[in-house]
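K.L.:
sequence unavailable; structure follows:
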Ligand SMILES: Nc1ncnc2c1ncn2[C@@H]1O[C@H](COP(=O)(O)OP(=O)(O)OP(=O)(O)O)[C@@H](O)[C@H]1O
Ligand SMILES: [Mg+2]
């Protein structure tokens, strides 16, 4: 929820990232979006207005990108728009997910057909509607040479296990919080949208008692398919755990512990069933924290210690990257930039790819990841005429 990322992509024999453009959210809109992420008052008016305002901003971001690189809109076959998730409730009966940013407004504002509403078809088939990036990550990152795990650290973190063995299935799920709690705590104590470069976390020490309490959240030990959102991993969730402590930790200690939470929950998810050495490095693991056997989790289809590649904004947080690497001794841990794909753009590229799948009538989900009853074409098309 830091802003809008737009990528211009050419699909020839290979995917080519032509150019990217980012637009931060205006403060008022961001406030509305954050408010919409937790149940509150007057939601329908707020949602309706934000839906259109976001659509306009998405269209503006596309126009700015095309102007920047001198590409005419008529050359663009389609826009894939994920939209902004304001509620994701795979556990409710009935389950639902809600992304906003009206695709009609984007089509009208750009003259380009828009593919949107990617998640709900998967949910209609009994799936979680998330994560959706694994199919794309399989298409561009899978290799026969080495087991790989790709971790996308956005607001929520999700991972995709890409076995070198072509017969083994791709697996993926949301591991839990990515940056969402780090950002929430930064807003709270720094009055800043993020803890840039992990500066606050770097000044703190991991509080074992707090970390253990946070890791006891049942979501972490649930088997896949599973997905989650900031509805669960919210500021209120953190506050509840803080309130239960006898002594309040310092602001920096809380941030350091939240970094450890993100790193630990990702690493435990990778460790469960991957055969990765359980012996931690010197600073990697602390004696008081929950052991991975308590975490339950999902066995992975990997036979060797995988290379771990990170994308999403979390790859730009050096303190988080170091914490993750320390949790995975013996694994190569790198940003996807090392594979020639900028960590900052993987998600935007994924939704360009998903739009192309829709245009070509090809499936976009991984049913074994989302739990849907079958592979299916995702999204609806909204035309400008
Ligand atoms: N230099 C940095 N230092 C620390 N954190 C960073 C840095 N750059 C990006 N981030 C983190 O990455 C976040 C943005 O990442 P990204 O755009 O992948 O997430 P998002 O838009 O919230 O996620 P989602 O994919 O879940 O919609 C920021 O909110 C911040 O937490
Ligand atoms: Mg973002």
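P.N.:
Yes, it's here. Note that the structure is a prediction, hence the values are computed from the model and not measured. Ligands and ions are numbered 1, 2, ... in the order given.

K.L.:
pLDDT weak spots in the protein?
P.N.:
Scanning the chain with the threshold set as pLDDT under 70 gives 273-297.

K.L.:
helices of that one, start to end?
P.N.:
Listed in chain order, the helices of the chain (DSSP state H) span 27-36, 43-69, 103-110, 120-124, 133-141, 180-189, 199-203, 208-215, 235-243, 251-271, 318-327, 346-360, 367-370.

K.L.:
any chance of TSV for those helices, columns mean neighbour count and distance to residue 173?
P.N.:
C-beta here means a position set from N, CA and C on the backbone, and glycine is covered the same way. Formatted as TSV, the helices of the chain follow (neighbours: other CB atoms under 10 Å; distance: least, CB to CB, whole Å):
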stretch	mean neighbour count	distance to residue 173
helix 27-36	15	25
helix 43-69	17	27
helix 103-110	21	27
helix 120-124	19	14
helix 133-141	22	9
helix 180-189	21	17
helix 199-203	20	25
helix 208-215	19	17
helix 235-243	15	19
helix 251-271	25	7
helix 318-327	22	17
helix 346-360	22	16
helix 367-370	23	7
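
K.L.:
so which of those helices is nearest residue 157?
P.N.:
helix 251-271 (5.6 Å; CB to CB).

K.L.:
before we move on, the earlier item: to residue 14, which of the helices of the chain lies closest?
P.N.:
Set against residue 14 and scored by CB to CB, the helices of the chain come closest in helix 133-141, at 8.5 Å.

K.L.:
could you list the contact residues of the stretch 51-200 of the chain toward ligand 1?
P.N.:
Residues of the stretch 51-200 of the chain found near ligand 1 (CB under 6 Å from any ligand atom) are 154-156, 179, 182-183, 194-198.

K.L.:
of the residues you listed, buried ones?
P.N.:
Buried members of those, scored by 16 or more other CB atoms under 10 Å, are 154-156, 179, 182-183, 194-195, 198.

K.L.:
can you list the domains in the protein?
P.N.:
Domain assignment of the chain by automatic domain parsing yields the ranges 3-127+345-382, 133-339.

K.L.:
what's residue 301 in contact with, if anything?
P.N.:
Shown in contact with residue 301 (CB atoms under 8 Å, 6 or more residues apart in numbering): 161, 163, 165, 168-171.

K.L.:
ok, and the most crowded of those?
P.N.:
In terms of neighbours by other CB atoms under 10 Å, the contacts of residue 301 top out with residue 161 at 27 neighbours.

K.L.:
what bridges to it?
P.N.:
residue 149, residue 171 (DSSP bridges).

K.L.:
and the closest residue to ligand 1 within the stretch 151-300 of the chain, how close does it get to residue 99?
P.N.:
Nearest residue of the stretch 151-300 of the chain to ligand 1, counting by CB to the nearest ligand atom: residue 154, 2.4 Å away. Look at residue 154 and residue 99: by CB to CB, to the nearest Å, they are 14 Å apart.

K.L.:
from residue 357, how far off is residue 351?
P.N.:
10 Å.
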